[in-house]
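J.: sequence plus the predicted model coming up.
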Amino acid sequence: MCSTRINNKPANTTIINAYAPTADSRKEEKEQFYEEVSKVIVATYKCVTIIKLIRPAVTYVVQAQTFTKKDKEQMKVMERRFLRLVMGPTQTSQDEYRSGLNHEIIKEMDRENIIRTKKAQRMAWIRHIETSENKIIKQITEWKPIKDRTRERPKNG
């Protein structure tokens, strides 16, 4: 079975090319084929659900926040956790299953992660602000404060 993903802007399309077992094939071969097909189709639609529903909700929530390295890592972990649920367990041997490893999930996802998506949205917003002339928002973004503030709580004395 072969799965091909075509990424175009209007819609992402997944083409599944499969050679189905014939009527005189073994029962195990048929079961394995239908199990693989169901995994591919279910994982594809679940992945689309995460990309289309969950990622926009999360990026909307953190739209105006600044990210530290820890925040970025936590968001990547959250996204991989969702994708790990979608992909389901991986069978290592006859009776052993394990959850997907990070590099397997990233390879399977084949899309940009949530941090890159967020950065792209911010850059689009910045371009929008820079093109607007004589607007208050542009004056606010170009304003330079007189004194730098530290990140911690102010100290008395």
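T.: Great, that's in hand.
J.: going forward, measure contacts between C-alpha atoms and count neighbours the same way
T.: Will do.
J.: distance of Tyr45 relative to Met87?
T.: Distance, Tyr45 to Met87, by C-alpha to C-alpha, to the nearest Å: 11 Å.
J.: now swap in Lys30 and tell me
T.: For Lys30, the distance to Met87 (C-alpha to C-alpha) stands at 22 Å.
J.: so what's the residue nearest the centre of the chain up against?
T.: Residue closest to the average C-alpha location in the chain (C-alpha atoms, centre = their mean): Asn113, at 4.5 Å. Applying C-alpha atoms under 8 Å, 6 or more residues apart in numbering to Asn113 gives the contacts Lys76, Glu79.
J.: use 25 as the first number for this chain going forward.
T.: OK, 25 is where the count begins now, so the last one is Asn137.
J.: Lys54 and Met111: which is more packed in?
T.: Shown here are Lys54 and Met111; by other C-alpha atoms under 10 Å, Met111 has more neighbours (22 against 16).
J.: doesn't Arg122 make contact with the more buried one?
T.: No - shown here, Met111 and Arg122 do not form a contact pair, counting by C-alpha atoms under 8 Å, at 11.2 Å.
J.: would you list every one of the helices in the chain?
T.: Along the chain, counting by DSSP state H, helices occupy 51-73, 79-85, 93-111, 126-133, 138-155, 160-166.
J.: out of those, which gets nearest to Pro178?
T.: Closest to Pro178 of the helices of the chain is helix 93-111 (C-alpha to C-alpha; 22.9 Å).
J.: low-confidence stretches in this protein?
T.: For the chain, the stretches flagged by pLDDT under 70 are 25-47, 61-68, 70-71, 133-134, 181.
J.: quick revisit: okay, the helices of the chain in CSV with distance to Gln118 next?
T.: Shown next, in CSV, are the helices of the chain (distance: least, C-alpha to C-alpha, whole Å):
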stretch, distance to Gln118
helix 51-73, 13
helix 79-85, 35
helix 93-111, 19
helix 126-133, 20
helix 138-155, 35
helix 160-166, 60
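J.: which of those sits closest to Glu176?
T.: Closest approach to Glu176 among those (C-alpha to C-alpha): helix 93-111, 16.7 Å.
J.: return the list of helices and strands in contact with that closest one.
T.: helix 51-73, helix 126-133, helix 138-155 (3 or more C-alpha pairs under 8 Å, 6 or more residues apart in numbering; DSSP states H and E).
J.: any chance of these in TSV, with distance to Arg177 too?
T.: Formatted as TSV, these follow (distance: least, C-alpha to C-alpha, whole Å):
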stretch	distance to Arg177
helix 51-73	41
helix 126-133	37
helix 138-155	28
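J.: fine by me, thanks again.
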